[in-house]
Structures are given as C-alpha cells and as structure tokens.
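# Show me the folded form of this:
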Amino acid sequence: MDIRVERVTDAAAVRAMAALFGGPPQAEATRRFLSEPGHHLLAAFDGEEAVGMVSGVEMTHPDKGTEMFLYELGVAEHARNRGIGRRLVSELATMARERGCYGGCGC
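Numbering: from 1, shown residues only. Predicted coordinates for the structure are as follows:
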C-alpha cells in the first residue's frame, strides 16, 4: 500500500470520502469548515481511494496562544492497522508546528 496524504479543500472531495466521517457531511457545514483558515482536513489515499481522514482546528486563547486540536480521525475498516491513522496524526502535527502552534501533542 503506497499511501499519500493531501489537504482537502473542496466540498466535492469531502462528499467523495463521506464514508470516513461519523455521519454524512452536511453541505453548509462543509462549506463553512473549508472556508475557515484555521480548519484543516487531511485525507490519506491509496491510489484514488480515500482510506483515512483527520480534521484539525486551531484555537487561540488569550494567555496561551494557538493550539491545534485533533477533531476527528477516521480510517476505512479495510485499511486499519496499517499505520494510516498514525501517519495522518503525524502530518497534522507537522502542519501545526509549521503554523506556529504549541501544545502537549508535540505541536
């Protein structure tokens, strides 16, 4: 399995990977999520098939600065136990560091 991780930026891609979410993506919520600069959605692909996703949200607090919160992680059942979830979390943590986030998750 040759996995690549990409940032998801359009609603059509979210709809195409709907099975990875806890429920069906809602059109308006998807639009709002993708339009926020502090909201991030990464997908893991095996070929053209999305086999995993992670969403992260940046939150800024007056006395702490900005942290990246892992909001949701999903891996297709047939692709589990292959390190895909770990890879997605690692990619999100790298993104957090690059964006200047701090925190206990290694960000």
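# When you work out contacts or count neighbours from here on, use the C-alpha atoms and nothing else.
OK.
# can you tell me how far Glu36 sits from Gly47?
If you measure Glu36 against Gly47 using CA to CA, to the nearest Å, the figure is 28 Å.
# for Glu6, that is, sorry about that
Distance of Glu6 to Gly47, given as CA to CA: 12 Å.
# List the buried residues in the top strand by length along the chain.
In the chain, with assignment by DSSP state E, the single longest strand is strand 49-61. Buried residues in strand 49-61, counting neighbours by 16 or more other CA atoms under 10 Å, are found at 50-58.
# where's Gly74, which helix or strand?
Taking DSSP states H and E as the definition, one finds Gly74 inside strand 65-75.
# Most distant residue from the centre of this structure?
The outermost residue of the chain, judged against the average C-alpha position, is Asp63 (26.0 Å), by CA atoms, centre = their mean.
# In three-state terms, label it for me.
For Asp63, the assignment made with DSSP: H, G, I helix; E, B strand; the rest coil gives coil.
# Which phi and psi values does it adopt?
When read as degrees, to the nearest 10, the backbone of Asp63 gives phi -110, psi 10.
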